[in-house]
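> can you look at this prediction? I've put the sequence above it.
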Amino acid sequence: MTDPFWQLPLPQPSRAHYDRALARQQQLTKPPGSLGQLEALACHLCAQQHRDRPAVDRVHVAVFAADHGIAADGVSAFPQEVTAQMVANFAAGGAAISVLARQLGASLEVVNLGVAHPLPDDRGVTDEWIAAGTGNLMKEPAMTAEQLEQALEAGDRSAARASEAGAELFIGGDMGIGNTTSASALASLLLGARVEELVGPGTGLDEVGVARKARRIRAALQRHGSDTDPFNALASLGGFEIAALAGAMIGAAHRGIPVLVDGFIVTAAALAATHLSPNLMTWLHFSHQSRESGHRYLLDAMGATPVLDLDMRLGEGSGAAVAVPVLRSACALHNEMATFTEAGVSDG
Ligand SMILES: O=C(O)c1ccc[n+]([C@@H]2O[C@H](COP(=O)([O-])O)[C@@H](O)[C@H]2O)c1
Ligand SMILES: Cc1cc2nc[nH]c2cc1C
């Protein structure tokens, strides 16, 4: 029996490329450190891509969609059929991520892991269907171990397609009514944090709704017990799309592709993925801080500094897509600025 891909050691970003990139940043015509986080972004991209001149021109966006049994329990401001309707909207080109992917010249893949309602139109949707939504995590495990393996492998296949297309950056997005409940439960278990730190309005619950959602999450955590093994946590609490995201991020890292993490749900998937594959953190960039309460806590717990804070809370990979131009600027500055010597500028 060979080990599953998520248990295999990840490649290391290149220390030599990182050191050369850092040295170059000191030589560019600017006071050292004055480009702030852009300098660190460029250096990490050099190390991850094993290149002295990094680039994120070719971006692959994969939106993973699935439904959640818990959606029947009043944890979302929207009905479950919206998942199917939005999947059709992604593929038809009318969703926010469709617009942003076009604007970036990125490839956009929509992956159906377990949308419960029939798709009005499944053209342009990658079929990785597992089941009509997860089990209700208050009462039963969200999925079986076999289903979790299927979801992780579906994510890895998406990363393989990104690699075949020559992607220089991987963005995973999520779509699933009810998935902030699953993400909060998962994060709360893996971080040993109080539910109140991680629960929020999602698509727009009021205070009463958030309190009800917190009770559902506590019930799920009580049912699950204190087992913090990440595989068991994902099977018990995760969504199919969350598991696929974890698999896709690990799969991208295995293929040497840096990952730009989106909002609350994708960050929870990244947390689970880093528990499955501890060196994954060195492959991740964090795009934005979502408005969803709990995202700040999650980012802080992971020691992550997001690039943007625009009060977004959409999901779909949209926050990551909006941050791509910042990464492109970091690359252009690193690659094209003159050094002090080249420009004849006196250094300090
Ligand atoms: O990415 C985020 O930070 C984010 C925050 C709140 C909601 N969402 C999106 O809204 C949906 C989940 O919200 P809910 O209220 O149904 O749990 C799902 O499709 C997510 O992509 C996404
Ligand atoms: C309309 C809508 C679009 C979304 N995109 C991601 N999650 C979403 C949730 C809703 C409700």
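Everything's here; your move. Ligands and ions are numbered 1, 2, ... in the order given.

> which regions of the chain sit below the pLDDT cut-off?
1 (pLDDT under 70).

> and the helices in it, which stretches?
15-27, 37-49, 81-92, 96-104, 145-164, 179-191, 195-198, 207-224, 230-237, 240-254, 264-276, 295-302, 318-336, 340-343 (DSSP state H).

> now the fifth one: how far from the chain's centre is it?
Averaged C-alpha coordinates place helix 145-164 at 14 Å from its chain's average position (C-alpha atoms, centre = their mean, to the nearest Å).

> export it as PDB, just CAs?
The C-alpha trace of helix 145-164 is given here as PDB (Å, rounded to 0.1, in the frame of the first residue of the first chain):
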ATOM      1  CA  ALA A 145     -13.700   8.000   5.200                       C
ATOM      2  CA  GLU A 146     -14.100   6.800   1.600                       C
ATOM      3  CA  GLN A 147     -16.000   9.900   0.600                       C
ATOM      4  CA  LEU A 148     -13.400  12.100   2.200                       C
ATOM      5  CA  GLU A 149     -10.700  10.300   0.200                       C
ATOM      6  CA  GLN A 150     -12.700  10.900  -2.900                       C
ATOM      7  CA  ALA A 151     -13.000  14.600  -2.100                       C
ATOM      8  CA  LEU A 152      -9.300  15.000  -1.300                       C
ATOM      9  CA  GLU A 153      -8.400  13.200  -4.600                       C
ATOM     10  CA  ALA A 154     -10.800  15.300  -6.600                       C
ATOM     11  CA  GLY A 155      -8.900  18.400  -5.300                       C
ATOM     12  CA  ASP A 156      -5.600  16.800  -6.200                       C
ATOM     13  CA  ARG A 157      -6.900  16.100  -9.800                       C
ATOM     14  CA  SER A 158      -7.800  19.800 -10.000                       C
ATOM     15  CA  ALA A 159      -4.300  20.800  -9.000                       C
ATOM     16  CA  ALA A 160      -2.900  18.300 -11.600                       C
ATOM     17  CA  ARG A 161      -5.000  20.100 -14.300                       C
ATOM     18  CA  ALA A 162      -3.700  23.500 -13.100                       C
ATOM     19  CA  SER A 163      -0.100  22.100 -13.400                       C
ATOM     20  CA  GLU A 164      -0.700  20.700 -16.900                       C
END
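
> buried residues, that helix. List them.
147-159, 161-163 (16 or more other C-beta atoms under 10 Å). Where C-beta positions appear, they are placed from N, C-alpha and C, glycine not excepted.

> now, which of those residues lie close to ligand 2?
Among the buried residues of helix 145-164, no residue lies close to ligand 2 (C-beta under 6 Å from any ligand atom).

> among the residues you listed, which pair sits farthest apart?
Gln147 and Ser163 (24.9 Å; C-beta to C-beta).

> just to revisit the earlier point, from the buried residues of helix 145-164, pick the one nearest Leu191.
Nearest member of the buried residues of helix 145-164 to Leu191, counting by C-beta to C-beta, is Leu148, at 20.1 Å.

> shouldn't that closest one be in contact with Gly238?
Yes - Leu148 is within contact range of Gly238, at 7.3 Å (criterion: C-beta atoms under 8 Å).

> give me every residue that touches Glu292.
Contacts of Glu292 were listed using C-beta atoms under 8 Å, 6 or more residues apart in numbering, and they are 180, 200-202, 263-264, 313.

> turn the residues you listed into TSV, including distance to ligand 2.
Formatted as TSV, the contacts of Glu292 follow (distance: C-beta to the nearest ligand atom, whole Å):
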residue	distance to ligand 2
Thr180	10
Gly200	14
Pro201	12
Gly202	9
Gly263	10
Phe264	11
Arg313	9
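
> from those residues, which single one is nearest Trp283?
For the contacts of Glu292, the nearest to Trp283 is Gly263 (18.3 Å; C-beta to C-beta).

> angles on the backbone of the residue nearest to that closest one when sequence neighbours are not counted, please.
Nearest residue to Gly263 in three dimensions, chain neighbours excluded: Ser290, at 3.7 Å (C-beta to C-beta, 6 or more residues apart in numbering). Here is the backbone geometry of Ser290 (degrees, to the nearest 10): phi -70, psi 160.

> these two touch, right, Ser290 and Val261?
No - contact between Ser290 and Val261 fails when scored by C-beta under 8 Å: they sit 10.7 Å apart.

> any shared contact partners between those two?
Common neighbours of Ser290 and Val261 (C-beta under 8 Å, 6+ apart) are Thr267.

> out of the contacts of Glu292, who's near ligand 1?
Okay, of these touching ligand 1 (C-beta under 6 Å from any ligand atom), that's 180, 202, 263-264, 313.

> farthest-apart pair in these, please.
Gly202 and Gly263 (11.1 Å).

> what's the neighbour count on the nearest residue to Ile130 once chain neighbours are set aside?
Of all residues not flanking Ile130 in the chain, Gly114 sits nearest, at 4.8 Å (C-beta to C-beta, 6+ apart). As a burial measure, Gly114 scores 27 neighbours (other C-beta atoms under 10 Å).

> bridged to Gly114, which residues?
Taking DSSP bridges, one obtains Ala66 as the residues bridged to Gly114.
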